[in-house]
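Asks: Got a predicted structure here, sequence first:
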Amino acid sequence: MDWSQSQIPPMRLESRFGERVVPAFCDRPSSLWAMIAEARGRNADGEALICGNVRLSWRQAAEQAARIAAGLRKLGLQRGDRVAILLGNRIEFPLLLFAAAHEGLVTVLLSTRQQKPEIAYVLADCGAKILIHEASIAERLPDAKDVPDVIHRIAIDDDAARSSFSSLAENAPASAPIEVSEEDTAMILYTSGTTGKPKGAMLAHCNIVHSSMVFVSCLQLTGADRSIAAVPLGHVTGVVANITTMIRCGGALIIMPEFKAADYLKLASRERVTYTVMVPAMYNLCLLQPDFDGYDLSSWRIGGFGGAPMPIATIEKLKAKIPGLKLMNCYGATETTSPSTIMPGELTESHIDSVGLPCPGARIAVMGPDGRELPPGEIGELWIQSASVINGYWNNPKATAESFTGGFWHSGDLGSVDAEGFVRVFDRQKDMINRGGLKIYSAEVESVLAGHPAVVESAIIARPCPVLGERVHAVVVTRQPVTDTDLRAWCAERLSDYKVPETMAITADPLPRNANGKVLKRQLRELLGA
């Protein structure tokens, strides 16, 4: 099965990054700024960016970006220089991305949840010349001696009188944009660093343009669409699924400073939101709001999700409450400029265990440990090839060589592709549990637990065992009292006996997550002493 060619723009094979040959859209913008210029041309007076009381049209957003670009130019920044952005979800975030694109600069996206050593590492590794940061986190910034390449530091404060951002924004608009190559790096996003130091994934202009076009064509987005950015903008989902996708279709981006379910529902209703991408837990938190039924969400037609399976119970509740909402699984990673697969909304319920079909132009191979492709249905590591796959990691040829083969990125995910082309993801290689030779995929057990009415979410990890090697342990977040005996009985009715958690920790506290919204299983293992 494949995406209907009627909704996908024409593609052709092209060489990319020297040795690769991938399908790419024939007619496409040449850069991130070219996409912005097209949005301004198509929908100049349409709303582009909305945050709090600030509303900017595409004409106004492009003009403000050109003013900021002039400020960056005054500081002596030149094409290819790195601009580090350490901001939360606020309107200055996309404006800075636009301005950097105008000047051919490389934006390096950091998380406001990072601490001083993490920030120092990224700034030193990428050689950023300027750091634009939230004034409120100044105490977490590294000392100048630890980041000698950083020449300028600019604070953004909600109090305009105290913010040094005005030095960038109060300029005459910059003249013609700096020309860049499609394969020039536009952004660097550092991976979560679950093992060792984080790696800087280099997202080229062509990667971002391709992924944005994939979202727009597969989801059939137009200038009339309105998206809420409820996830962090500094993550690949925030920057691509929200910011650059709305640039491509010329729609409106509504920025939430912080996700709170009650605020999300108010905003979605008031702004007539049509599209968003969130993690399943966010949908669940919305459904738990006692006044959910009091909001008019009839305009909401596309609900993208990723990062974890969507419980069937959640799908059924949303279908009953918002009949016009299509839930679409979007699977990808920073290295694939996300997404690599998308599930057509009409197939989500019938293929609940799948993350969807390969995106247009994407090829997903299931590889065995010997580096050979496995037959349909067999489980191996997912290797991904497409025009969205990055060239490699910044300043790290060793990691690049280890993670890429012939243009395929080694995802580290264990999965399968069936005869119809549907992709399934079972686990991260490092998260798979080996119980006496029997392999257990945590996602399967977590999905079963999610169906229990008392469970909000769960994480399955391995507990060391001197006899079997590993046993199954569950950390379960509940919304109402329930015993571990009840939960094990629930699992035993739905899973093979060896997959049933033998020990459990039941809590009302949410699971620990990193800045990208992924559950920190390493932290849970440390608490367990595993």
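Replies: Sure thing, it's come through.
Asks: quick one, strands of the stretch 201-350 of the chain?
Replies: For the stretch 201-350 of the chain, strands defined by DSSP state E, counting those that start in this stretch occupy the ranges 226-229, 252-255, 275-278, 302-305, 326-331, 341-342.
Asks: so how far is the fifth one from its chain's centroid?
Replies: When C-alpha coordinates are averaged (CA atoms, centre = their mean, to the nearest Å), strand 326-331 and its chain have centres 13 Å apart.
Asks: With the first one instead?
Replies: For strand 226-229, the separation from the chain centroid amounts to 14 Å (computed by CA atoms, centre = their mean).
Asks: Which residues does the helix or strand just after it contact?
Replies: On the C-terminal side of strand 226-229, the closest following helix or strand by DSSP states H and E is helix 236. Where contact means CB atoms under 8 Å, 6 or more residues apart in numbering, the residues beyond helix 236 that reach it are 189, 203, 332-334, 337-338, 516. All C-beta spots, glycine's among them, are computed from the backbone N, C-alpha and C.
Asks: Please apply the same query to stretch 1-19.
Replies: Under CB under 8 Å, 6+ apart, the answer for stretch 1-19 is 21-27, 183, 204, 206, 213, 217-218, 220, 344, 357, 359-361, 387, 391, 406-407, 420-422.
Asks: picking up where we left off before, take the strands of the stretch 201-350 of the chain and write them to a markdown table, including distance to residue 374, mean neighbour count and mean pLDDT.
Replies: Formatted as a markdown table, the strands of the stretch 201-350 of the chain follow (distance: least, CB to CB, whole Å; neighbours: other CB atoms under 10 Å; pLDDT from 0 to 100):
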| stretch | distance to residue 374 | mean neighbour count | mean pLDDT |
| --- | --- | --- | --- |
| strand 226-229 | 37 | 24 | 98 |
| strand 252-255 | 41 | 25 | 98 |
| strand 275-278 | 30 | 25 | 96 |
| strand 302-305 | 27 | 23 | 96 |
| strand 326-331 | 19 | 24 | 96 |
| strand 341-342 | 18 | 26 | 97 |
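Asks: mind putting these in CSV, distance to residue 365 included?
Replies: Conversion of the strands of the stretch 201-350 of the chain to CSV gives the following (distance: least, CB to CB, whole Å):
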stretch, distance to residue 365
strand 226-229, 32
strand 252-255, 34
strand 275-278, 26
strand 302-305, 24
strand 326-331, 15
strand 341-342, 13
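Asks: out of the ones you listed, which comes closest to residue 126?
Replies: Residue 126 lies closest, by CB to CB, to one member of the strands of the stretch 201-350 of the chain: strand 226-229, at 23.9 Å.
Asks: Can you name the residues in contact with that closest one?
Replies: Contact partners of strand 226-229, identified using CB under 8 Å, 6+ apart, comprise 47, 89, 238, 242-243, 245-246, 251-256, 264, 267-268, 271-276, 299.
Asks: Please type out the ChimeraX selection for whichever of those turn out to be buried.
Replies: The buried residues among the contacts of strand 226-229 can be selected in ChimeraX (16 or more other CB atoms under 10 Å) with this line:
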select :47,89,238,242,243,245,246,251,252,253,254,255,256,264,267,268,271,273,274,275,276,299
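Asks: between the contacts of helix 236, which is nearest residue 172?
Replies: residue 203 (30.1 Å).
Asks: Could you check how far the closest residue to the closest one other than its chain neighbours is from residue 78?
Replies: Residue nearest to residue 203 in three dimensions, not counting chain neighbours: residue 187, with 4.4 Å by CB to CB, 6 or more residues apart in numbering. Computed as CB to CB, to the nearest Å, the residue 187 to residue 78 distance reads 17 Å.
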